[in-house]
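Colleague: Give me a model of this one.
(one chain, ligands or ions: 2)
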Amino acid sequence: MSQKAASSTVPITVTEIEAIAKTRLPKNVYDYYSCGADEEKARDRNVYMLDRLLITPRVMVDVTHIDTSTTTFGKRHPFPVAFAPSAMQRLCHPRGEIETAEAAASIGLSMTLSSQSTTSLEDVAKACNISKPDGPDFWFQLYLTQDPEYSLKLIKRAEKAGYTGLILTVDTPVLGNRINERKTPLVLPEGMNLENYDRPKGERKPAKERIFLNAHTVEEANEIVKESGPTMHSSSLTWEHTIPWLRKATSMKIILKGIMTAEDAKLAVQHGADAIVVSNHGGRQLDLVPATIEVLPAIAGAVSGRIPVIFDGGVRRGSDVFKAIALGADLVLIGRPVLWGLSYDGKKGVEAICNILERELSRTMALAGVRSIKEITKDSLGIAKWNGFGISKL
Ligand SMILES: Cc1cc2nc3c(=O)[nH]c(=O)nc-3n(C[C@H](O)[C@H](O)[C@H](O)COP(=O)(O)O)c2cc1C
Ligand SMILES: CCCCC(=O)C(=O)O
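Modeller: Ligands and ions are numbered 1, 2, ... in the order given. Alright, predicted model coming up:
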């Protein structure tokens, strides 16, 4: 190894990039990004359960050519990773969501813009020319609001701007109990707004200076809605009404984010969802739920290839992507790693995160003896036996 390489300070793992981001972000912003709900057990379990899975490598396989690419909805992804929606990215970088979108476009990975973005959906679309036929898919994440007409306007705007998928987040009827956020409420600085919500100029922010258009309890929601009006999130989504209503409203793909059981996955298929995201919201909603990797096999089994199964929660290495694919995911979303990359070095930082994950995935595949995404199956995985020595195959 050359002296230069040996003394390089360039971060080479996602964890190293997070450590740098932590030193650059104000404490309350870092805490908001990193936190989970309640005792953060679900957030930590996502990572812990991925770590418990072991890879059982096969040798004497010619791995001279590794192909990490995959296709969903007819779009080719250079590797099976896309960006999860995450709110308020200008808190980590002055150009926030635009830098993230530029990184997505340059690497060719799909991105979901949060409805709670600090850059408007139109500005992101324009900056990155999201309708380019050879570019990646850009999806728009939606929290349905109390007033369906208000949501409808947002949906129409997203469609007109060129977003091809609508990710409806279904795990947030009320906000999870985020202890840090309750103790030190995060208030957006002057000049920063939730740009997709077209409140008339000068109208005050939601009650109690909440920046989230959501409440911690149903009682609080009923109180706040009187003051904050139609932008308040809805707690009344149902299988019977919500998907048919969305179907009428838009021709974008409808993707349900926050599915954690095989039963709900089947209902999503029955009600015509185009895809689901297996997600516990990065452990930020209900604490003490299973890790997403634990529920993935049953959900993938229930869906049985009828629609794409997208996965998120705790993915920090290429080997985590490998494990999720092995257990039935078609595509893997990363949430916090994008925020760490953005805080570290804007677009370049997000690209660095992607490059790290791609290289790690490709190396994992070569060392495990598989050559393509299709060849990654649960045959490559094992788990240490609870009560003794040895490995159980999954
Ligand atoms: C700071 C932050 C903001 C988030 N904002 C949103 C959001 O606006 N909409 C949404 O559906 N999910 C949101 N999520 C959840 C992510 O989309 C994703 O499910 C989760 O972060 C995945 O876990 P990971 O961070 O361990 O990769 C947010 C997550 C974080 C950490
Ligand atoms: C109402 C939720 C706001 C953003 C979000 O989803 C998160 O912080 O996890």
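Colleague: all strands of this structure, in order?
Modeller: 53-55, 70-72, 75-77, 81-83, 111-113, 138-142, 165-169, 253-259, 275-278, 309-312, 331-334, 381-384, 391-393 (DSSP state E).
Colleague: Go through the second one and flag the buried ones.
Modeller: What it means is strand 70-72. Using 16 or more other CB atoms under 10 Å as the test for burial, strand 70-72 gives 70, 72. Where C-beta positions appear, they are placed from N, C-alpha and C, glycine not excepted.
Colleague: Average pLDDT for that strand, rounded please.
Modeller: For strand 70-72, mean pLDDT rounds to 97.
Colleague: what about stretch 52-62, start to end distance?
Modeller: Stretch 52-62 has an end-to-end distance of 28 Å (criterion: CA to CA, to the nearest Å).
Colleague: right, I mislabeled it, should have said stretch 255-273
Modeller: 6 Å.
Colleague: Any residue of it touching ligand 2?
Modeller: No: Stretch 255-273 does not reach ligand 2 (CB under 6 Å from any ligand atom); its nearest approach is 9.9 Å.
Colleague: What pLDDT does the model give the nearest residue to H65 once chain neighbours are set aside?
Modeller: Spatial nearest neighbour of H65, excluding adjacent residues (CB to CB, 6 or more residues apart in numbering): R371 at 6.5 Å. For R371, the pLDDT comes out at 98.
Colleague: residues in contact with I376?
Modeller: The contact partners of I376, taken as CB atoms under 8 Å, 6 or more residues apart in numbering, are 322, 325-326, 365, 368, 370.
Colleague: coming back round to it: can you tell me how far the residue nearest to H65 is from D67?
Modeller: To D67, R371 is 7 Å away according to CB to CB, to the nearest Å.
Colleague: okay, the two: which has more neighbours?
Modeller: Shown here are R371 and D67; by other CB atoms under 10 Å, R371 has more neighbours (17 against 14).
Colleague: shouldn't the more buried one be in contact with S69?
Modeller: No: under the criterion of CB atoms under 8 Å, R371 makes no contact with S69, lying 11.7 Å away.
Colleague: Got phi/psi on the residue nearest to A368 when sequence neighbours are not counted?
Modeller: In space, and not counting its chain neighbours, A368 is closest to P57: 4.6 Å by CB to CB, 6+ apart. Dihedral pair for P57: phi -80, psi 140, per degrees, to the nearest 10.
Colleague: A273 too?
Modeller: Main-chain dihedrals, A273, degrees, to the nearest 10: phi -60, psi 150.
Colleague: what's the nearest residue to it if we skip its chain neighbours?
Modeller: L256 (4.9 Å).
Colleague: wait, isn't that neighbour in contact with G272?
Modeller: No: using CB under 8 Å, L256 is not in contact with G272; the gap is 10.4 Å.
Colleague: and the residue of this protein nearest ligand 1?
Modeller: Relative to ligand 1, the nearest point of the chain is G335 (2.2 Å; CB to the nearest ligand atom).
Colleague: who's in contact with that residue?
Modeller: 84, 86, 282, 312.
Colleague: same question, A368
Modeller: Listed by CB under 8 Å, 6+ apart, the contact set of A368 reads 55-58, 322, 376, 380.
Colleague: What of F79?
Modeller: Applying CB under 8 Å, 6+ apart to F79 gives the contacts 68-70, 109, 321, 357-358, 361-362.
Colleague: ok, now how distant is the nearest residue to E40 once chain neighbours are set aside from ligand 2?
Modeller: In this structure, E40 finds its nearest non-sequential neighbour in G283, 6.3 Å apart by CB to CB, 6+ apart. Distance of G283 to ligand 2, given as CB to the nearest ligand atom, to the nearest Å: 10 Å.
Colleague: Hmm, N46 and G283 touching each other?
Modeller: Yes: with contact defined as CB under 8 Å, G283 reaches N46; the gap is 6.0 Å.
Colleague: anything in contact with each of the two?
Modeller: G313.
Colleague: Can you give me the pLDDT of the residue in the stretch 51-200 of the chain that ligand 2 sits nearest to?
Modeller: For the stretch 51-200 of the chain and ligand 2, the shortest gap (CB to the nearest ligand atom) falls at A87, measuring 3.8 Å. pLDDT recorded at A87 is 95.
Colleague: Who are the contact partners of it?
Modeller: Listed by CB under 8 Å, 6+ apart, the contact set of A87 reads 114, 116-117.
Colleague: And for K183?
Modeller: Contact partners of K183, counting by CB under 8 Å, 6+ apart, are absent.
Colleague: and it, how far is that from P57?
Modeller: Per CB to CB, K183 is found 46 Å from P57.
Colleague: Pull the contacting residues for the nearest residue to N280 once chain neighbours are set aside.
Modeller: Closest residue to N280 apart from its sequence neighbours, by CB to CB, 6+ apart: V289 at 4.9 Å. By CB under 8 Å, 6+ apart, the residues touching V289 are 42, 260, 280, 283.
Colleague: Need the max-distance pair from these.
Modeller: Put simply, by CB to CB the two of the contacts of V289 set farthest apart are M260 and G283, 11.7 Å from each other.
Colleague: So for these two, which residue has more residues nearby?
Modeller: Using other CB under 10 Å as the criterion, M260 and G283 rank with G283 on top: 28 against 23.
Colleague: Give me the pLDDT for that one.
Modeller: 98.
Colleague: Nothing else from me, thank you.
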